[in-house]
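1. No letters, just coordinates:
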């Protein structure tokens, strides 16, 4: 790490529209005050297509969505690189084994990006417990103002099941603490002690689906989690239950999901992600009345993206002062991100 007395050479590499949303001119100027900007911000295509001698002196690289992949060829262009500040969520596609061999620090805005996902999940959970999605559809399509046939259960005393307790899952659990609900979870990587510290009862995946009024998915898409959510699990859900997916579409066997939903009109499914994404034009996801589909909007959008840049600038300030970093990511953590 650095110290406050030495000036670090910094650069921004990302698409102009992402730079404007995540950092803006104010953020770029702030980094310039903390260090030395060696070149105006540029995008990945310009960096890769043209010779840029200034890359040889860069200590600090700021990037985000649209980042260059940090492979051996790219790293040779940045021989002095000490740290990458990634102003986005998952860095899984950014880094390679060559990156980790260089012992470069990686810090990301995953924690900041988790905030709007948790907020979306909280809203969907509370609306699900009120049967709001189904009630609105029935009211508008039938032009009848009635709570029947699916009387809302409400939030008080309801069980909410979280599948995985990573950054987002834990934040959702924290947000749900303000409400009179019981939170349970499935996460095979957590110990009993960790569950106890979070005040969450651990359940098997089957029991969680069968007993929860709302199930929310927060699992990364790994080889062992693709297709984790089967039709059998969905079919086991309680009457009027809600399934929420803001993680990755590949977690759900969508063919089996759709088959169950045709037989279970009482179930509500809120999908912010699909596989493939977007769905094919003839996908049943567009057609089934008990699926509520949003186009991957749960993560940081619009003004929310400025939170990501602010997080990385604050981390840069800690780095240049020689203070402990708060958002570093290891090789193992990066490989397990969604």
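-> Here it is on my side, so go on. None of the values given here were measured: they were computed from a predicted structure.
2. Which element, helix or strand, includes the residue located most distally from the centre of the chain?
-> Going by Cα atoms, centre = their mean, the residue of the chain most distant from its centre is residue 144, 37.8 Å out. Element membership of residue 144 [criterion: DSSP states H and E] is none; it lies in no helix or strand.
3. Quick one: mean pLDDT for the lengthiest helix in the chain?
-> Residue-count comparison of every helix in the chain, with assignments taken from DSSP state H, identifies helix 110-129 as the longest. The pLDDT scores in helix 110-129 average 97.
4. Skip ahead from it and say which helix or strand is next.
-> Moving toward the C-terminus from helix 110-129, the next helix or strand (DSSP H and E) is helix 132-142.
5. Go through that following helix and flag the buried ones.
-> Of the residues in helix 132-142, those buried by neighbour count under the rule 16 or more other Cβ atoms under 10 Å are 132-135, 138. C-beta here means a position set from N, CA and C on the backbone, and glycine is covered the same way.
6. Helix or strand with the lowest mean pLDDT in the chain?
-> When the helices and strands of the chain are scored by mean pLDDT, DSSP states H and E, helix 132-142 comes last with a mean of 81.
7. before we move on, the earlier item: now for the longest helix of the chain, which elements pack on it?
-> Counting by 3 or more Cβ pairs under 8 Å, 6 or more residues apart in numbering; DSSP states H and E, the packing neighbours recorded for helix 110-129 are helix 167-176, strand 214-217, strand 242-245, strand 268-271, helix 305-321.
8. Could you give me the buried positions within that helix?
-> Within helix 110-129, the residues that count as buried by 16+ other Cβ under 10 Å are 110-118, 120-122, 124-129.
9. and it, how far out from the chain's middle?
-> From the chain centre to the centre of helix 110-129 is a distance of 10 Å (Cα atoms, centre = their mean, to the nearest Å).
10. Ok, stretch 239-257 next?
-> Taking the mean C-alpha point of stretch 239-257 and that of its whole chain, the gap between them comes to 16 Å (Cα atoms, centre = their mean).
11. now the end-to-end length of it.
-> One end of stretch 239-257 to the other measures 16 Å (Cα to Cα, to the nearest Å).
12. any chance you could map the helices in the chain?
-> Defined through DSSP H, the helices belonging to the chain, from first to last, are 16-22, 24-34, 44-49, 72-76, 97-101, 110-129, 132-142, 167-176, 192-197, 205-211, 231-235, 254-263, 305-321, 331-335.
13. Now tabulate those in CSV and tack on distance to residue 184.
-> CSV is the format used below for the helices of the chain (distance: least, Cβ to Cβ, whole Å):
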stretch, distance to residue 184
helix 16-22, 35
helix 24-34, 40
helix 44-49, 43
helix 72-76, 44
helix 97-101, 36
helix 110-129, 13
helix 132-142, 22
helix 167-176, 10
helix 192-197, 10
helix 205-211, 6
helix 231-235, 15
helix 254-263, 22
helix 305-321, 30
helix 331-335, 25
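14. Going by mean pLDDT, which of these comes out lowest?
-> Per-stretch mean pLDDT for the helices of the chain is lowest at helix 132-142 (a mean of 81).
15. hang on, the earlier thing: could you tell me the angle between the least confident helix or strand of the chain and helix 110-129?
-> Comparing the axes of helix 132-142 and helix 110-129 via axes from the mean of the first three to the mean of the last three Cα atoms, to 10 degrees yields an angle of 50 degrees.
16. Pretty sure residue 86 sits against residue 105.
-> No: because the distance of 10.8 Å does not satisfy Cβ atoms under 8 Å, residue 86 is recorded as not touching residue 105.
17. ok, these two, which is more surrounded?
-> Taking residue 86 and residue 105 together and counting by other Cβ atoms under 10 Å, residue 86 has the greater number of neighbours (27 against 16).
18. what's across from that one in the sheet?
-> Going by DSSP bridges, residue 86 is paired in beta bridges with residue 63, residue 108.
19. neighbours around residue 77, how many?
-> Under the neighbour criterion other Cβ under 10 Å, residue 77 is assigned a count of 16.
20. dump the residue contacts of it.
-> Counting by Cβ atoms under 8 Å, 6 or more residues apart in numbering, residue 77 touches 47, 52, 55-56.
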